[in-house]
Structures are given as structure tokens and as C-alpha cells.
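Participant: Sequence and predicted structure, then a few things I'm wondering about:
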Amino acid sequence: MAAITRLVKRTPYLPCAARFLSHAPPEKERNVQWVFLGCPGVGKGTYASRLCNLLGVPHIATGDLVRSELASNGPLSSQLSEIVNQGKLVSDEIIMSLLSKRLADGEAKGESGFILDGFPRTIKQAEILEGVTDIDLVVNLKIQEEALLAKCLGRRICNQCGGNFNVASISIKGENGRPGMVMAPLLPPAHCMSKLVTRSDDTEEVVKERLRIYSEKSQPVEEFYRSRGKLLAFDLPGGIPESWPKLLQALNLYDYEEKQSVAA
Ligand SMILES: Nc1ncnc2c1ncn2[C@@H]1O[C@H](COP(=O)(O)OP(=O)(O)O)[C@@H](O)[C@H]1O
């Protein structure tokens, strides 16, 4: 934990959401320091990684850090595998140490700014983060609850290129004033088809436990940031084609994306 404190205090992380949100001129060069919150399956990884490409900042997903530690067969592997496969949270100490190491590696490579995905997930983690660096904005993604389980169960990863896909086809009827929602599957290209794998924690039983733990441990983190005026709640209206332009609008980044694609 001391490592992240030292590290983040030393790191000159750069421009902030305020610049994009208010179009205020940059005071000094500083990249965004954003957090993505949301239930398992909501699409944090998808939208965080798209925004990272757009803004030129690293996408740091603590779930990926945990999975790569697991795959390394290092000293923590068997302990982590048991926790993750039960849908429980890894201890704050282990997560802080994995995150601290990831930030230090990025710093050594000259990275600046970040979008954190899957962190913080407890009030303790949020307090530590708040104590060591200034988070500009916390995006809280929401979709209709009924879609979450299906989205998790439909997730597939290509074990060769690492691409993330989803085979679920979701259609929720609108009723009692609630809008309907349609989400088409996000299918892989033909060459990935035979290499698709499912995460070991994306089984029905484990996803249900992760959703339960989210509402117990992580939902309070939403309030933590809401009370600090940092929370931007965003209801995903459907799949990527419907949601991405609206998310850019909500972040005041719509023109920014157009300028980037013209410049490319
Ligand atoms: N910030 C965190 N604190 C504790 N455990 C975490 C954290 N981030 C990831 N994990 C562990 O890694 C698992 C996978 O995380 P992630 O890929 O973010 O899944 P999800 O789809 O549930 O959002 C979690 O169920 C948990 O065991």
C-alpha cells in the first residue's frame, strides 16, 4: 500500500476531465484520471478501453491484473484462483500491490493518466485512492438488471488475439413505463471462432455471487463519489452502436472523436 502512495504522489499525472467537460483551456498538460464503476457484465471493459484509445491513456483493469497474476503461476496463484472462482473479492492488500506494480511499470514506460476499470471496488480502496491522487471523474455505467447475467454468460475471449466478444442476443420487452432494450451479439471474426474461451468465473452460480457482492461491497463506492460530486451516472441504452455515441455526448467528447478521426 505504501508503494501506491509513494508512486502516485510522485507521478505527474496530467489533464483532466474538466478540460473536456467544460472545454476550459488546459492549465497544464495532464492526462485524464478516470474511474469506471458498474456491475459485472455492464460493459466497463468495452467502453473504458474505447475511451482509452480515444484519449491516449492506459486502460488499467484490476480484473486483468488478477487474471495475469493467476496465469503466471506465481506465489499468489492458487490463493487467487480459489477467491476468483467463488466470485469473492481479492483482499485490498493484494489488489493494491498488483495495481501499484502496474502503475510503476507504466510510469517507467512514460505513461500518463489512466482509466481504472474494476477499481475501486470497496470503500477502503476508494479511500486509499482518494488519499493519494485526484480522480477527475467517475463514470457509473448501468444497464437493465435483467441483461447482466446473460451478458456475463455470453462473454467469450479469443485465446489467441485476446479479443473480447459476446455471443448473447438480448431483447428485453418494454413494460410499465420501462423502455425495452435490444443488444445484438458482438461476434468475433471467423478466424477467432474456434479459439473462443469462457472465463472460469463466468458461470451462472459465480456471476450471481459476483452480482450479490457488487451490491454489498461496491455499490457504496458509487455513493462515496456521488457525495464528492465526481459521479457521472450513465444508463446504457443498448449495445455499442446505440451507446457509444451517447456516452461520448455525455462526456462532451463527441467533437473530440470527430477531430481525432479527421486527424488520423
Ligand atoms: N478492485 C478489486 N478488488 C478486489 N477484487 C478484485 C478487484 N478487481 C478485480 N478483482 C477480482 O477479480 C475478479 C474479476 O474481476 P473483473 O474482471 O473486474 O470482473 P467483473 O466482470 O466481475 O467486473 C473479481 O471477481 C475479483 O475476484
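Facilitator: Right, received. Where do you want to start?
Participant: ok, the residue nearest to Ala250 when sequence neighbours are not counted - contacts?
Facilitator: Closest residue to Ala250 apart from its sequence neighbours, by C-beta to C-beta, 6 or more residues apart in numbering: Phe234 at 5.5 Å. Placement of C-beta: from N, CA and C, glycine included. Residues in contact with Phe234 (C-beta atoms under 8 Å, 6 or more residues apart in numbering) are Val139, Asn140, Leu141, Lys142, Lys246, Leu247, Ala250.
Participant: Highest neighbour count among those?
Facilitator: Of those, Val139 is surrounded by the most neighbours, 25 neighbours in total, counting by other C-beta atoms under 10 Å.
Participant: got a pLDDT number for that residue?
Facilitator: Note for Val139: predicted pLDDT of 98.
Participant: ditto for Arg30
Facilitator: At Arg30, pLDDT is 76.
Participant: and the gap between Asn140 and the ligand?
Facilitator: Between Asn140 and the ligand the computed distance is 13 Å (C-beta to the nearest ligand atom, to the nearest Å).
Participant: For beta bridges, what are the partners of that residue?
Facilitator: Applying DSSP bridges to Asn140 gives these bridge partners: Leu37, Ala233.
Participant: these two touch, right, it and Val35?
Facilitator: No. The pair Asn140 / Val35 is not scored as a contact, 9.1 Å apart, by C-beta atoms under 8 Å.
Participant: quick revisit: just give me the closest of the contacts of Phe234 to Cys52.
Facilitator: Distance to Cys52 across the contacts of Phe234 (C-beta to C-beta) is lowest for Val139, with 12.3 Å.
Participant: Against Leu253, how distant is the closest one?
Facilitator: From Val139 across to Leu253, the span is 11 Å (C-beta to C-beta, to the nearest Å).
Participant: what do you get for Gly43?
Facilitator: Taking C-beta to C-beta as the measure, Gly43 falls 17 Å from Leu253.
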